[in-house]
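In: Task: produce atomic coordinates for the following.
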Amino acid sequence: MTGLSFKGYRDPALSRLKELGISVWADVVLKTTHGTFEGIVLPRSETEDEFHIVLKLKSGYNVGVRADSVTEARQVGHKEAIYKIPESEFPTDPSRPDVSLFGTGGTIASRLDYRTGAVIPAFTPGELYGAVPELADICNLKTEKLFGVFSENMGPEQYVVTAKAVAAEIEKGVKGIVIGHGTDTLHHTASILSFMLQDLPVPVVLVGSQRSSDRPSSDAALNLRNAVKTAAECDIAEVMVCMFGPTSDQYALLHRGTRVRKMHSSYRSTFRTIGDIPLAMVSQENGFHHLRDDYNRRRDDTRLKLNTAFEEKVSIVYYYPNMKPDIIEALVDNGYKGIVIAGTGLGHVNKPLYPALAKCRDAGVAVYMTVQTLWGYVHMRVYETGRDMIKLGVVEAENMLPEVAYMKLCWVLGQTTEPGEVRELMLNPIAGEITDREPPNGYLVYQGGVPEVEEFISRTLR
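Out: A predicted model of the protein is given here:
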C-alpha cells in the first residue's frame, strides 16, 4: 500500500502498526518508499509526534519512519522490555571518600538492554553500580534527584535549590559534589553556581553527556567516572565542568565554571575554555595533570559562602546590523533592571540605538557590554561609537563571556540596584570571570586546510 492518507486517523503511527499486525517491542523489517529498515519498534516518547514509527537500529541509533511511507512489514521476533537495572548494593569502604551526586534531569547514566533496544536509566547508587561498577573503586556514593527537567528549563528556581543542596551536603562533610546536567545549558548553570557558591572547600563538578548510552560512541559512563574521580580526589575546590577533552576517550578536561562554553552541537569534545586555558586534565589511568596553579585549593573544613541572590528581570541582547531601538525600549518598558549586550568588534552597536540606551540610563537600567567574538576584551574607548555609549551609561564588562555577564548581572541585581554598587560587584572578579590578560594559547581555532594547521594535525593526531 502506498500513498496512505492520515485523514481520519487520531494516531496514524499506532493505527498503521495495528493494520500491519505489529506491536511495540517487535523486531521488524519495514519496507518503505525510502528504503528498508530493520530494528525494534520502540514506545513513543513524550516529545515524538504521532506520525512516525521509531525503530532502534542494530547500530544503536534510533530512526523515525513516517507511518504513511511503510509499504510492507515483517515481524521477525519480539523483545520483552525490562525497564529497571538490576540493583546491587553499592559497596562502601571507610577508606574511600564520600561523594554526593545530584540529578537535575535526564539520565546520569544508563544501560542499553540489547534484547529490547531500550535505554534503562540509572540513578540510585545500586543502579549506578549496576551500570558503571567502576564508581565503587573511587568513592562511597550518595545520590539525590533534585529535578527532572530538560536543561533548557533550568532557571532561577532550580539554581537556588541546587546551590542550597550543594551547600548542605558540603556542611555535612562530603569530599566532593557531582551534578548531572543536560549539556545545552550546563555552562549557564556552572556560571551562576560559581557566584552563588564561593570559597568552596571541595570540588563541585558539573557533568553531562553528548551522546546517550544507546549509541556506540556514548560518552556518558566515562564522563561520569571522570567527574566522580574529580569530586573524590582532585585538589581543585571550584565549580567546574568535566567533559571529554579530545573527541576520543583519552582524557577529560576540567573547565572553570565561568570560562567554559558549549561550542559544538554534537561533538563529544563540545566544551571549551574561552579566553583562558582549562584547569586540568583527568583520566582514569593517569589521574590529574594540572595545566595551571592559580586555583582555589581543597580544604579539610566545611565552610563556604552561600549567596543565592537572583534578579529575574535581566536580559541578554545579541546585537545585529539594523537592530531597532524598540528591542531595548521594550525591555525598559517591561521593567527590566539589567541588560547585557553582546556587541560587535570591541563592543559596538549602531547609532539608532543611542536614544534607547539613554532611556535605559534615565530609568536606572544597568547596561553592560560584552563582545560576541567571545575571545577578547571590550574596548569602547578606541572608537567614537564606544565613547558615545560610555557617555550613555553603558559599562564595559572586560572579557566576561556574554552568558557569564548575564548570570553575574542577575546575581548582582538580586542584591543591589544602586549603580555604583552594581558596577563594583560586576567588575570585581569573583570566580575567574574576568582575567588580567588572555594567554597566547587561550585562543586556538583549528582552521582546516591551511598548511600550519594541517602539519600540526598530521604530527599530533595519528
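
In: show me what contacts Leu193?
Out: 159, 162-163, 166, 179, 204, 206, 239, 257 (Cβ atoms under 8 Å, 6 or more residues apart in numbering). Quick note: C-beta positions are derived from backbone N, CA and C, even for glycine.

In: Now rank these by neighbours and give me the top one.
Out: The most crowded member of these, judged by other Cβ atoms under 10 Å, is Val239 (32 neighbours).

In: gap between that one and Leu146?
Out: 16 Å (Cβ to Cβ, to the nearest Å).

In: same deal with Thr302?
Out: Taking Cβ to Cβ, one finds Thr302 at 20 Å from Leu146.

In: Likewise for Ser248?
Out: 32 Å.

In: Equivalent analysis for Glu433, please.
Out: The separation that Glu433 has from Leu146, given Cβ to Cβ, amounts to 25 Å.

In: more neighbours, the two?
Out: The neighbour comparison of Glu433 against Leu146 (other Cβ under 10 Å) goes to Glu433, with 24 against 17.

In: ok, that one touching Thr258?
Out: Yes - contact criterion Cβ atoms under 8 Å: Glu433 and Thr258 qualify, at 3.9 Å.

In: For these two, list the residues in contact with both.
Out: With Cβ under 8 Å, 6+ apart, Glu433 and Thr258 have common neighbours 191, 194, 400-401, 404.

In: Tell me the one of those residues nearest Val349?
Out: Met400 (17.3 Å; Cβ to Cβ).

In: Run a quick neighbour tally on that closest one.
Out: Count around Met400 with other Cβ under 10 Å applied: 30.

In: Next up, the contacts around it.
Out: Counting by Cβ under 8 Å, 6+ apart, the residues that Met400 touches are 258, 370, 408, 433-434.

In: Once you drop chain neighbours, what's closest to Ala13?
Out: Ala67 (4.4 Å; Cβ to Cβ, 6 or more residues apart in numbering).

In: and the spatially closest residue to Pro321 that is not a sequence neighbour, what does it touch?
Out: Nearest residue to Pro321, sequence neighbours excluded (Cβ to Cβ, 6+ apart): Asn350, at 7.0 Å. Counting by Cβ under 8 Å, 6+ apart, Asn350 touches 319, 321-323.

In: now swap in Ser283 and tell me
Out: By Cβ under 8 Å, 6+ apart, the neighbours of Ser283 are 226, 250-252.

In: Please name the bridge partners of it.
Out: Gly287 (DSSP bridges).

In: Quick check, pLDDT for it.
Out: Ser283 carries a pLDDT value of 95.

In: same thing with the one 5 residues further on?
Out: The model reports Phe288 with a pLDDT of 97.

In: surely it meets Pro278?
Out: No - between Phe288 and Pro278 there is no contact under Cβ under 8 Å: 11.6 Å.

In: thinking again about what came up before, can you list the shared contacts of Glu433 and Thr258 in JSON lines and add pLDDT?
Out: Below are those laid out as JSON lines (pLDDT from 0 to 100):
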{"residue": "Ser191", "pLDDT": "98"}
{"residue": "Ser194", "pLDDT": "98"}
{"residue": "Met400", "pLDDT": "98"}
{"residue": "Leu401", "pLDDT": "98"}
{"residue": "Val404", "pLDDT": "98"}
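
In: Quick check: next helix or strand after the longest helix along the chain?
Out: Using DSSP state H to define each element, the chain has its longest helix at helix 156-172. Counting by DSSP states H and E, the element after helix 156-172 in chain order, helix or strand, is strand 176-180.

In: and that following strand, what other elements does it pack with?
Out: Other helices and strands packing on strand 176-180, by 3 or more Cβ pairs under 8 Å, 6 or more residues apart in numbering; DSSP states H and E, are strand 98-103, helix 156-172, strand 204-207, helix 220-233.

In: Report the distance from the longest one to the chain centre.
Out: This points to helix 156-172. 18 Å (Cα atoms, centre = their mean, to the nearest Å).

In: Only C-alpha atoms, please: export that helix in PDB.
Out: What follows is helix 156-172, C-alpha atoms only, in PDB (Å, rounded to 0.1, in the frame of the first residue of the first chain):
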ATOM      1  CA  PRO A 156      16.400  30.600  38.900                       C
ATOM      2  CA  GLU A 157      14.200  28.300  40.900                       C
ATOM      3  CA  GLN A 158      16.500  25.300  40.100                       C
ATOM      4  CA  TYR A 159      19.700  27.300  40.500                       C
ATOM      5  CA  VAL A 160      18.700  28.300  44.100                       C
ATOM      6  CA  VAL A 161      17.600  24.800  45.100                       C
ATOM      7  CA  THR A 162      20.800  23.300  43.600                       C
ATOM      8  CA  ALA A 163      23.100  25.800  45.300                       C
ATOM      9  CA  LYS A 164      21.400  25.200  48.700                       C
ATOM     10  CA  ALA A 165      21.600  21.400  48.300                       C
ATOM     11  CA  VAL A 166      25.300  21.600  47.400                       C
ATOM     12  CA  ALA A 167      26.000  23.800  50.500                       C
ATOM     13  CA  ALA A 168      24.000  21.500  52.800                       C
ATOM     14  CA  GLU A 169      26.000  18.400  51.600                       C
ATOM     15  CA  ILE A 170      29.300  20.100  52.000                       C
ATOM     16  CA  GLU A 171      28.400  21.200  55.500                       C
ATOM     17  CA  LYS A 172      27.800  17.500  56.300                       C
END
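
In: Which residues belonging to it are considered buried?
Out: 156, 158-159, 162-163, 165-167, 169-170 (16 or more other Cβ atoms under 10 Å).

In: what's the answer for the first one, then?
Out: By neighbour count, and taking 16+ other Cβ under 10 Å as the criterion, the buried residues in strand 98-103 are 98-103.

In: Which residue ranges of the stretch 51-200 of the chain form strands?
Out: With DSSP state E, counting those that start in this stretch as the criterion, the stretch 51-200 of the chain has strands at 52-57, 62-66, 70-78, 98-103, 109-113, 118-122, 140-145, 176-180, 197-198.

In: which stretch in these has the least confidence?
Out: strand 109-113 (a mean of 60).

In: per-residue confidence for the residue nearest to Ala13?
Out: Taking Ala67 on its own, its pLDDT is 89.

In: Just give me the neighbour total for it.
Out: By other Cβ under 10 Å, neighbour count at Ala67 equals 24.

In: again, but for the one 10 residues further on
Out: Using other Cβ under 10 Å, Gly77 is surrounded by 10 other residues.
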